[in-house]
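1. Got a sequence here, can you build the structure:
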Amino acid sequence: MTDKRAAVLDAAIEVLGGDGVRALTHRRVDARAGVPAGSTSNYFRTRGALVEGVLDRLLERDRQDLAALTADGTAPDRRGLEVLLREYVLYATGPDAVRTRARLALFVESTTVPALRESVGARRGELRAWGREILAALGADDPETAAQIVVDYVDGVILHRLTSEDDATDPQTGIGRILDAVLQRTAVM
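-> The predicted model follows:
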């Protein structure tokens, strides 16, 4: 990806995460990116193409974050996964909140746009597969379901932290309980 194209997509993410899905226009992205009018349209002719580009860029940056979080190349143990997920929640709702809000805006938009729903689902599937592999290595009887439960829980915690005043609560306890449940160490009540 060229630096200019990446800058345009990063600006689009900022528009989405800062101003909402209705604000996502080529002109607004050009202004946010500080590029000449029409530049965004040169890369993405339609709004749909721009949204697809944003989804790809979000996934690319998620992959980079995931690689940084697992830089030592070894799968985390149960405690390590708990800490990693906690750090992810805090990062996603703190320093990376704009990108997280952009992602959530596209998730909501996908409920009324079937083609977008497919694109969101395909990209989320990659991250869920990462969780499935780790949970399988940790001994989950049903890694697919376990990954879905953990991802859904973490998504819910992130949404709650971004949409409420309750950002002081440490998410680690809940994450630990969910991991215990999917790894069958405690009963779910």
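
2. residue contacts, residue 159?
-> Residue 159 is in contact with residue 104, counting by C-beta atoms under 8 Å, 6 or more residues apart in numbering. For every residue, glycine as well, the C-beta is placed using N, CA and C.

3. I figured residue 35 hits residue 8, correct?
-> Yes - distance between residue 35 and residue 8: 6.6 Å, which falls inside the contact criterion (C-beta atoms under 8 Å).

4. More neighbours: which of the two?
-> Remark: of residue 35 and residue 8, residue 8 carries more neighbours, 28 against 17, as counted by other C-beta atoms under 10 Å.

5. mind listing what's buried in whichever strand or helix holds that one?
-> Element membership for residue 8, per DSSP states H and E: helix 3-19. Of the residues in helix 3-19, those scored as buried under the neighbour-count criterion (16 or more other C-beta atoms under 10 Å) are 5, 7, 8, 9, 10, 11, 12, 13, 14, 15, 16, 17.

6. Is it possible to get TSV of those that adds distance to residue 108 and pLDDT?
-> Supplementary listing: the buried residues of helix 3-19 in TSV, determined by distance: C-beta to C-beta, whole Å; pLDDT from 0 to 100:
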residue	distance to residue 108	pLDDT
5	26	94
7	26	96
8	23	97
9	20	98
10	21	97
11	21	98
12	16	98
13	15	98
14	18	98
15	16	98
16	11	97
17	13	97
